[in-house]
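Q: Generate coordinates for the sequence data below:
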Amino acid sequence: MCSHQPPCPTAESPHHHTAAVVTAHPEQGWSLLCNGTIVFDDTGELLPDGRVVDPHRTTAGV
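A: Next up, the predicted model:
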C-alpha cells in the first residue's frame, strides 16, 4: 500500500505505528496509516489482518 521512499514500516514491523497517515478522523478518534493499520486516540490499534493491539498508554499518578 505504501509508495513512499523510503517505504513506511509494514504492519508486521515493531515500528508499524510510525507509518504515514493516509486519512485522519480526529472527530471520531482514529487514523488510517499507509500500511493498513488503524490507530486510535486511546493508543489501541487494529492491524490489517484483523488483530487488535490493546491501548498501551500510561496513566499519570497510578
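
Q: distance between stretch 35-46 and the chain's centre?
A: 4 Å (C-alpha atoms, centre = their mean, to the nearest Å).

Q: That stretch: which residues count as buried?
A: 35-37, 39, 44-46 (16 or more other C-beta atoms under 10 Å). C-beta here means a position set from N, CA and C on the backbone, and glycine is covered the same way.

Q: And stretch 19-27, by the same measure?
A: residue 19.

Q: Now do that stretch, average pLDDT.
A: Averaged across stretch 19-27, the pLDDT comes to 95.

Q: What is the end-to-end distance of it?
A: 21 Å (C-alpha to C-alpha, to the nearest Å).

Q: Which strand residues bridge the most centrally placed residue in the chain?
A: For the chain, residue 39 is the residue whose C-alpha lies nearest the centre (C-alpha atoms, centre = their mean; 3.5 Å). Taking DSSP bridges, one finds residue 31, residue 45 as the beta-bridge partners of residue 39.

Q: please renumber so the chain begins at 9
A: In the new count, where the first residue is 9, that last one comes out as residue 47.

Q: Surely it and residue 34 touch.
A: No. The pair residue 47 and residue 34 does not pass the contact test of C-beta atoms under 8 Å, sitting 11.6 Å apart.

Q: which residues of this protein score low on pLDDT?
A: 9, 66-70 (pLDDT under 70).

Q: Now do the strands in this structure.
A: 29-33, 38-41, 46-48, 53-54, 60-61 (DSSP state E).

Q: Against which helices or strands is the last one packed?
A: It stands for strand 60-61. strand 53-54 (3 or more C-beta pairs under 8 Å, 6 or more residues apart in numbering; DSSP states H and E).

Q: before we move on, the earlier item: quick check, nearest of the buried residues of stretch 43-54 to residue 16?
A: residue 43 (5.5 Å; C-beta to C-beta).

Q: contacting residues around that closest one?
A: For residue 43, the contacting residues are 9-10, 16-19, 21, 24, 27, 56, by C-beta atoms under 8 Å, 6 or more residues apart in numbering.

Q: rerun that using 10 Å as the cut-off
A: 9-10, 15-21, 24-28, 30, 55-56 (C-beta atoms under 10 Å, 6 or more residues apart in numbering).
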